[in-house]
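*Asks:* Return atomic coordinates for the entry below.
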Amino acid sequence: MKKISIRVSLLVILCVAIFILLALYSNNQVSALDKATYKDIKTFNEVFDMVKKNYVEEVDSSKLIQGAINGMIRSLDPHSSFMTPDLYKELEVETQGQFGGIGIEITILKDVLTVVSPVEGTPAFNAGIKSGDQIIRIDGKTTKDITIMEAVKKLRGPKDTKIIITIMRDDMSTAKDITLTRAVIQIKSVRYKILEDNIAYIRIASFHERTVEDLRKALRETSEKLRPMKGLILDLRNDPGGLLTQAIEASDMFLTSGVIVSTRGRTKNMETKAIARNNNNEISCPMVVLVNEGTASAAEIVAGALQDNGRALIVGTQTFGKASVQTIIPLEDGSAIKLTTARYYTPKGRSIQAEGIKPDIVVKYINPSEDKGNTMEDRIREKDLKGHIKPAKEDGAKLDETKAKDIKDSSGFSPDNQLKTAVDILKSWDIMKKNLNS
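*Replies:* Coordinates of the predicted model:
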């Protein structure tokens, strides 16, 4: 029976190899590339056979093939991944905006599981976990060679269950164990408040399934309270992104016309262009968008759309620089592939991949309670990730070469000097208009 099972597995692999080879034929000619591909598949077949026959313990064929697929996808870029059925379910839970866990955004930096940022008010945040912390063990088991989705599965769990993470930090001489109690992490996508001089403040923490609905509600309620609304601050700082469709719809709420974002990939069906529609109910007051190093992906789409269309002034520091589109491709067995299929471009044709959005006015974050060795400017960006997709300069895409001017908050000690700068800009907007028109 074992021999039959091995033969069947090898037959399946051989059939796949033949199918790929046939698909690569062009005018009945086999190119050098096709021959090289066939040779590589033959090598894979040989290795598979050797492992099955000679490994010290019996190995499940499906486990070997899944491992090979996982390795293949991981070799592409930091954002492509293979998800088993369980990991795919974890991703679906995440997009709904509520799950059990400790509340951190993570990435793989220099082959080490690293904290991008803790979510405010969560167990990780309250325990003092910081951006840049390296997680070297989870519950005593090493995180070496772990994937993002595998780490997510380990870190999440039912409410009130405990987990021990072992971290290393630049200023630590030895690793430190931190015991955390999981909680229900309910990411409230949109928050708002009324500021001085009839200025509205809206923060988007991430883009998930309810973001547009929550944003529409926030705009309606602030508009009703402020008659007139003299200015709007849209805070996208530390927003890691999320669903592309939600980012496009959110941008459309502030634009009456123009391109929002375009995408281009290797295949024709990945060439898309989202255009703003005039719904006759867009907010027309002056806008400032706050960004920083933690502003990524879908959040950068919104910032880029509003900047390129001249709708808002971008204030803060250069953004993360993730301008690639991932497509989720479900497979028959319940697993899925998250594959980078395109780059996106701002309305003016800029590719900000590994570059980020450069603010119109650069304002570095100042917090007197922040440790000197843990400033926001030290945070990781897309360009720091191993295997990141290079910036695209082809097809007429232009990289932003604008050099923004550094501005420091006059107080220097405000708990949030970036927000204060945004308020000051909007408060003086009418004065500037009068001076320009006089």
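
*Asks:* Now for residue 71, how many residues are close by?
*Replies:* Per other Cβ atoms under 10 Å, the neighbour tally for residue 71 reads 10. C-beta here means a position set from N, CA and C on the backbone, and glycine is covered the same way.

*Asks:* One more: residue 59?
*Replies:* 14.

*Asks:* Tell me the secondary structure at it.
*Replies:* Secondary structure assignment for residue 59 (DSSP: H, G, I helix; E, B strand; the rest coil): coil.

*Asks:* what sits against it?
*Replies:* The neighbours of residue 59, taking Cβ atoms under 8 Å, 6 or more residues apart in numbering as the test, are 51-52.

*Asks:* Need the phi and psi values for it.
*Replies:* As for residue 59, its main-chain torsions (degrees, to the nearest 10) stand at phi -120, psi 140.

*Asks:* Find me the pLDDT at it, would you?
*Replies:* pLDDT, the model's per-residue confidence, is 92 for residue 59.

*Asks:* repeat for the one 5 residues further on
*Replies:* Looking at residue 64, its pLDDT stands at 92.

*Asks:* For the stretch 201-350 of the chain, just list every one of the strands.
*Replies:* 231-235, 259-265, 272-275, 287-291, 313-316, 324-330, 336-345 (DSSP state E, counting those that start in this stretch).

*Asks:* Out of these, which one sits most buried?
*Replies:* Of all the strands of the stretch 201-350 of the chain, strand 287-291 carries the top mean neighbour count, a mean of 27, counting by mean count of other Cβ atoms under 10 Å.

*Asks:* Tell me what angle that one forms with strand 231-235.
*Replies:* What separates the directions of strand 287-291 and strand 231-235 is an angle of 20 degrees, with axes from the mean of the first three to the mean of the last three Cα atoms, to 10 degrees.

*Asks:* Sheet partners, orientation included, of strand 287-291?
*Replies:* strand 231-235 (parallel), strand 313-316 (parallel) (DSSP bridges).

*Asks:* I'd like to know which of those strands is closest to residue 85.
*Replies:* Taking Cβ to Cβ as the criterion, residue 85 comes closest to strand 231-235 out of the strands paired with strand 287-291, the separation being 36.8 Å.

*Asks:* Other residues contacting the closest one?
*Replies:* Contacts of strand 231-235 with the rest of the structure, by Cβ under 8 Å, 6+ apart, involve 195, 197-204, 222, 254, 283, 285-290, 302, 306, 312, 419, 422-423, 426-427, 429.

*Asks:* to the chain's geometric centre, what's the distance from that strand?
*Replies:* Distance, stretch centre to chain centre, for strand 231-235: 22 Å (Cα atoms, centre = their mean, to the nearest Å).

*Asks:* Can you name the residues that contact residue 211?
*Replies:* Applying Cβ under 8 Å, 6+ apart as the definition, the contact partners of residue 211 turn out to be 189-190, 204, 242-243, 246, 250.

*Asks:* Now restrict the residues you listed to buried residues only.
*Replies:* 189-190, 204, 242-243, 246, 250 (16 or more other Cβ atoms under 10 Å).

*Asks:* out of those, which one sits closest to residue 141?
*Replies:* Using Cβ to Cβ, residue 242 is the member of the buried ones among the contacts of residue 211 that lies nearest residue 141, at 29.3 Å.

*Asks:* Chain neighbours aside, what residue packs nearest to the closest one?
*Replies:* For residue 242, ignoring the flanking residues on the chain, the nearest one in space by Cβ to Cβ, 6 or more residues apart in numbering is residue 207 at 3.3 Å.

*Asks:* Could you do residue 304 as well?
*Replies:* Taking Cβ to Cβ, 6+ apart, and ignoring the residues beside it in sequence, residue 304 has residue 346 as its nearest neighbour in space, at 3.7 Å.

*Asks:* Tell me who's in contact with that neighbour.
*Replies:* Residues in contact with residue 346, defined by Cβ under 8 Å, 6+ apart, are 261, 301, 304-305, 307-308, 352, 357.

*Asks:* and which of those is nearest to residue 172?
*Replies:* Of all the contacts of residue 346, residue 172 sits closest to residue 357, with 33.1 Å by Cβ to Cβ.

*Asks:* That closest one: what's it in contact with?
*Replies:* Contacts for residue 357 were tallied using Cβ under 8 Å, 6+ apart; they are 291, 295, 300, 303-304, 307, 314, 318-319, 346, 400.
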